[in-house]
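>>> One predicted model, sequence on top.
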Amino acid sequence: MTLENTSKHKKLVLSLIFDAIGMIPFIDLLWAPLSGYLMTKLYKGKVGKLAGIFSFIEEIIPGTDFIPSFTIMWLYTYVFSSEKTTDETIIDIK
């Protein structure tokens, strides 16, 4: 199972976990590139890539660890986005 195919509820749990990891002091140099990579795997497309860059920058700058970038991206994707995504696959049988 890839992160892209994870359900929205599992993505929320992962987002909360990743944001909690990002708040641990003194791991920014290790966590910043990994968080950027994970963000691009969790959310597809151009928006995911931009969020990955933002996540990397947010984690690498000291004092910005309190920003929940993964959770913000989850909210953007599943609550505020005009393109509603679903976890269901629709199969048209004719």
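The structure has been received and is ready for your questions.

>>> Just confirm K49 contacts L42, I think it does.
No - judged on C-beta atoms under 8 Å, K49 makes no contact with L42 at a distance of 11.6 Å. (C-beta placed from N, C-alpha, C; glycine too.)

>>> Is there a neighbour count for the nearest residue to Y78 once chain neighbours are set aside? I'd like the number.
What sits nearest to Y78 in space, not counting adjacent residues and going by C-beta to C-beta, 6 or more residues apart in numbering, is K8, at 5.1 Å. Other residues within reach of K8 by the criterion other C-beta atoms under 10 Å amount to 13.

>>> Check S55 too.
By other C-beta under 10 Å, the burial measure for S55, its neighbour count, is 29.

>>> and what of I61?
Residue crowding around I61 was assessed by other C-beta under 10 Å; the count is 12.

>>> circling back to that earlier point, how close does the residue nearest to Y78 sit to V79?
10 Å (C-beta to C-beta, to the nearest Å).

>>> Sketch out the low-pLDDT regions of this protein for me.
The chain contains residues with pLDDT under 70 at 1-2, 4, 83-94.

>>> where exactly do the helices run in it?
8-22, 28-42, 45-60, 69-75 (DSSP state H).

>>> Most tightly packed of those?
Highest mean neighbour count among the helices of the chain (mean count of other C-beta atoms under 10 Å): helix 69-75, with a mean of 20.
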